[in-house]
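Undergrad: Sequence plus the predicted model coming up.
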Amino acid sequence: MKQPVEKNRKAGGEENGSGKNGAGGPGLKLTKKDFATDQDVRWCPGCGDYAILSTTQKLLADLGVRREDTVFVSGIGCSSRFPYYMNTYGFHSIHGRAPAIATGLKVARPELDVWVITGDGDGLSIGGNHLMHALRRNVDLNIILFNNKIYGLTKGQYSPTSEPGTRAPSTPHGSVDHPANPLSIALGAGATFVARAIDVDAKHLGEVFARAHAHKGTSFVEVLQNCPVFNDDAWAPIVDREHKSVRQLRLAHGQPLRFGKDGELGIRLGAGLAPEVVAVGDGDGEVPPSALLHHDERAPTHYAHLLAELAHPAFPVPLGVLRAEDRPSYEALVGEQVEGAVSARGEDATLHNLLHSGMTWEVGDDGLPR
Amino acid sequence: MSTTAESRESQKASRTRVDNVVVRFAGDSGDGMQLTGTEFTKAAATAGNDIATLPDFPAEIRAPAGSLAGVSGFQVHFASGAAQTPGDEPDVLVAMNPAALRANLADLPEGGILIANIGAFTKPNLKKAGYDENPLENGTVDRYRVYAVDISKLTTAALDETDLSSKEKARCKNFFALGLMFWMYSRDPQREVAHIEAKFASKPRLADANARAFKAGYYYGETAEVFQDVVYEVEPAAFEPGVYRNISGNEALALGLVAAGQLADKPVFYSGYPITPASTLLHSLSGYKHYGVTTFQAEDEIAGVGAAIGAAYGGHIAVTASSGPGIALKAEGVGLAAMTEVPLVIVDVQRGGPSTGLPTKTEQSDLLQVLFGRNGECPLPVLAASTPSDAFDTAIEAVRIAITYVTPVVLLSDGYIANGAEPWRLPDVSSLPAIASSHRRDPEGFQVYQRDPETLARDWVVPGTPGLEHRIGGLEKDALTGNVSYDPLNHERMTHVRSEKVERVAREIGPLAHTGPDEGDVLVVGWGGTYGALRQAAQEMQRRGHRVAHTHLRYMNPLGEELGERLSRFRRVLVPELNMGQLRLLIRARYLVDAIGFNKVQGQPFKVSEVVDAISDLL
């Protein structure tokens, strides 16, 4: 059969946009502004989403991607309004289902650069199932989960990541639910790329997004995002300037797990595989850097699980890429099967053969079987 | 089997010629009754009979052996005339155990032939079937022509020389029964032996054993005196010249979807979640990758429709299928597809409901669900297939409507159509019209919700097209730009436009399928899988001299104008449905006609006689 043209069209082909929107052709490097739409951004003043939007727009300009080949798919919630503000293709879908829609799109059009924008309620509550299966399949999507530990758009109910005891309109006596850990869930689902960043730390966020974008397979990034209206300063204990050196653990592949103003603290594996915080140095009771855990993005998954479980206040919170593993992406495997079948048997794939397969018999002009 | 061929010749004089035969095979769900019935059907079809089948099996894969819950049946009607239904009642019941007898005996008319495997009528089996004593010996079956055969023992004996275990030998008894039926209905046994060898080619031991059991059954009929007077022959039916194959509704749907992809020259993306009786669509389509078909077994029904929406947005012919419970889960996604206006086909292979209901039984009770089971004002075109082979045409039609009007389309089938089979005269492929589709590439003057003035379709723009970057979503959109709009009048306008777009599909309806006079006393209006029973009942009434006609709908929404005119030309309107009166409700509301219902919700299709009686009551 004839393979449909659009399927074979590769991104970065000769068809550069010359339309009035000025899609980036050679020599027409797009700027951050080119990735903004003419729509007014309607998040609350001070919302962490602004910073994430800005970082994303800048990153895409820096990466030199084509707007027409980029698609943002979202679900429902404050974060899911994101596509309206990106001058790319965008699909604001229904609550929790963005990973499913994005999976269908990516399988159909593997050459597209597909991003999923979700939140803690959208991604981990109503859409938890789709998130899990996108991660397990390793569809080449960039899934960005804005975690503000609260439902914003519906006015402040506690979310699956809310701390126990959260007082909200639906929990006047405090929530009793045990919170979900997005990174542990992603790892448990078999994610090949798992990372965490902070909304307002634009430089680090941009680096993490760039890594996520470069990763082939599902990239999962949890962004610690502040909701100034319903859960202000929920992440303050971790992100505040005065404490951040001792409460944040910046991960770097191959480097020991060290934190503190001058790297004076570190993490090693203690008895019973329990991580422990130690003082780093040559002195009495101090541990040399060589004895610390060294970050390895490709280590067996139990190491990434260990990192994901490091939580304030007992431990610093890991930021950066926890895990990056190479595994064939789902749409590539699906495409190989279809293309393999087409190249092996496509010649015979005619309408006539389609209908005349299986057991047939012929009835002659006398109305009787031959 | 040369001797057999000779003896078939010698037997010819003593054969009784009949026009119609209905045979029901019944046994444990592990007894292979579906395979037996299918093979017997193939033999009838290739011998030139018209056929219609009704597989009737339990929801459990292997209910406890010998239990009533585990009884699986397969009814086939073959005829020298038209076989429009699987038959009201069997002429022959093959009961492989006491439970099969108990579950089916009431359907066998007086004087009907009962072939019972007495080898399975053991004390424990009788007890499991709820019999205190053996019904073959206490007068229960005196009204029938009973042929008690120890199929179990004869099968085992026929396989003496093989190295099969006794359990494996016992499993071959369905082929013994098949052989016996081949004898009774004068079928060519050599062809079947070749089929068996081909079917079990990868398991030569089983091929050999099944062929032996089959031949043993055939020879038994030939040799045992009792079977000499029950040899029948059904002459071939007069078919239109052409090439034929047997087709089930789900196979036909799959072929129609693949064909639609070819006709539109676009790749097909199918996503679904396993559910009875829609699963075989996914199975079939996954075998057509060489036609550029991509199948996706989703994590749930919602992801099934979600992925299809994503693929449609990406420019593919996207299809998702399910049955009632799954369609309920997909509702929000279908609403999104309606709001964003992407082309999509949603197949609902209906089964008994509500809730899990009767998974393996047929019903027509999802009509109102697919019409109205979404939030907001959300009309969609809805098409219904009426026979297994009609599912092929309906699938192509649904894809064409979806692409032409850039809209989701619902295609209704049901368990009866999905699993039933009939001979299908293959269409001339050059007669199948191409499906026109285009994706806008020109950025000049592009507006997201700008519409074709005829179809009201918006442009189907696929991501990857330079200069046409835009955003769509489930929020209400400005009627032109597609930007989010909360403007009250814009919402009303968009609601009307979405509705009007669906109404315009009425121009695609074409002449209604109609048989009988243009005016008269009773118009029977039906839809879906009841086609054969309603048509035959109407024809029967016409033969009796009554002014009765039958109109069968393919378009459930929009219904169109012709139907209204037709309704007005009959004194009474009867709407037989396998539900509580869903189409009747629509007809009454839409046309202000006092339509009368004839409704059955037993998980079983209509019998022709039931419909004949219902029509008669109105005369």
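TA: Perfect, I can see it now. Here the structure is a predicted model, which is why all the values come from computation and not from measurement.
Undergrad: Show me what from the stretch 151-300 of chain B comes close to chain A.
TA: Proximity of the stretch 151-300 of chain B to chain A, by C-beta under 8 Å from any C-beta of the partner chain, involves residues B:236-246, B:255, B:258-259, B:262-263, B:265-267, B:269, B:271, B:288-294, B:296, B:298-300. C-betas here are computed from N, CA, C, even on glycine.
Undergrad: so of these, which ones are in strands?
TA: Among those, the residues falling in strands (DSSP state E) are B:242, B:243, B:244, B:245, B:246, B:269, B:271, B:293, B:294, B:296.
Undergrad: and residue B:305, what does it touch?
TA: When contacts are counted by C-beta atoms under 8 Å, 6 or more residues apart in numbering or on different chains, residue B:305 touches B:271, B:320, B:330, B:333, B:334, B:337, B:344, B:346.
Undergrad: now it: how far from residue B:337?
TA: 7 Å (C-beta to C-beta, to the nearest Å).
Undergrad: Now list whatever residues contact both of these two.
TA: Here residue B:305 and residue B:337 have residue B:344 as joint contacts, going by C-beta under 8 Å, 6+ apart.
Undergrad: who touches stretch B:152-172?
TA: The contact list for stretch B:152-172 (C-beta under 8 Å, 6+ apart) reads B:30, B:32, B:117, B:119-120, B:173, B:175-176, B:205-206, B:208-210, B:212-213, B:215-217, B:220.
Undergrad: Oh, that last question was meant for stretch B:423-433, not what I typed.
TA: Stretch B:423-433 is touched from outside by A:350-352, A:355-356, A:360, A:363, B:45, B:50-51, B:239-240, B:242-247, B:252, B:259, B:263, B:388-389, B:392, B:396, with contacts defined as C-beta under 8 Å, 6+ apart.
Undergrad: go with 7 Å
TA: The contact list for stretch B:423-433 (C-beta atoms under 7 Å, 6 or more residues apart in numbering or on different chains) reads A:351-352, A:355-356, B:45, B:50-51, B:240, B:242-247, B:259, B:263, B:389.
Undergrad: ok, residue 148 - how many residues close by?
TA: Just so you know, I chose chain A. Residues lying near residue A:148 (other C-beta atoms under 10 Å in any protein chain shown) number 31.
Undergrad: The chain in question should be chain B.
TA: Close neighbours of residue B:148, defined as other C-beta under 10 Å, add up to 16.
Undergrad: got it, and residue A:242?
TA: Neighbours around residue A:242, by other C-beta under 10 Å: 7.
Undergrad: One more: residue A:210?
TA: Using other C-beta under 10 Å, residue A:210 has 13 neighbouring residues.
Undergrad: cool, and the one 4 residues further on?
TA: Using other C-beta under 10 Å as the criterion, residue A:214 is surrounded by 12 other residues.
Undergrad: thinking again about what came up before, which ones among the contacts of stretch B:152-172 lie within strands?
TA: Using DSSP E, the contacts of stretch B:152-172 in strands are residue B:117.
Undergrad: Out of the contacts of stretch B:152-172, which end up buried?
TA: Of the members of the contacts of stretch B:152-172, the ones counted as buried by neighbours, 16 or more other C-beta atoms under 10 Å in any protein chain shown, are B:32, B:117, B:119-120, B:173, B:175-176, B:206, B:208-210, B:212-213, B:215-217, B:220.
Undergrad: Where does pLDDT dip in the chain?
TA: Using chain A. Chain A contains residues with pLDDT under 70 at A:1-27.
Undergrad: The intended chain is chain B.
TA: Along chain B, the model assigns pLDDT under 70 to residues B:1-13.
Undergrad: residue closest to the middle of it?
TA: For chain B, the residue nearest the mean C-alpha position is residue B:417 (1.3 Å; C-alpha atoms, centre = their mean).
Undergrad: Surely that residue forms part of a helix?
TA: Yes: residue state for residue B:417 (DSSP: H, G, I helix; E, B strand; the rest coil) corresponds to a helix.
Undergrad: Counting neighbours, what do you get for the residue in the stretch 151-300 of chain A positioned nearest to chain B?
TA: Closest contact between the stretch 151-300 of chain A and chain B, by C-beta to the nearest C-beta, is at residue A:189 (11.0 Å). Residues lying near residue A:189 (other C-beta under 10 Å) number 18.
Undergrad: Correct me if wrong: it contacts residue A:134.
TA: No: using C-beta atoms under 7 Å, residue A:189 makes no contact with residue A:134, being 8.4 Å away.
Undergrad: The stretch 101-250 of chain A: helices as residue ranges?
TA: For the stretch 101-250 of chain A, applying DSSP state H, counting those that start in this stretch gives helices covering A:120-121, A:128-137, A:182-188, A:202-214, A:236-239, A:244-247.
Undergrad: can you check the stretch 101-250 of chain B too?
TA: So, for the stretch 101-250 of chain B - with DSSP H, counting those that start in this stretch - the helices run B:123-128, B:151-158, B:166-171, B:173-184, B:189-199, B:204-223, B:249-264.
Undergrad: can I get those in TSV with distance to residue A:238?
TA: Listed next are those as TSV, based on distance: least, C-beta to C-beta, whole Å:
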stretch	distance to residue A:238
helix B:123-128	66
helix B:151-158	74
helix B:166-171	65
helix B:173-184	68
helix B:189-199	65
helix B:204-223	66
helix B:249-264	52
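Undergrad: of these, which approaches residue A:199 most closely?
TA: Taking C-beta to C-beta, helix B:249-264 is the member of the helices of the stretch 101-250 of chain B nearest to residue A:199, at 44.4 Å.
Undergrad: nearest spatial neighbour of residue A:52, skipping sequence neighbours?
TA: Leaving aside its sequence neighbours, residue A:52 sits nearest to residue A:199 (C-beta to C-beta, 6 or more residues apart in numbering or on different chains; 5.4 Å).
Undergrad: This completes my enquiry, with thanks.
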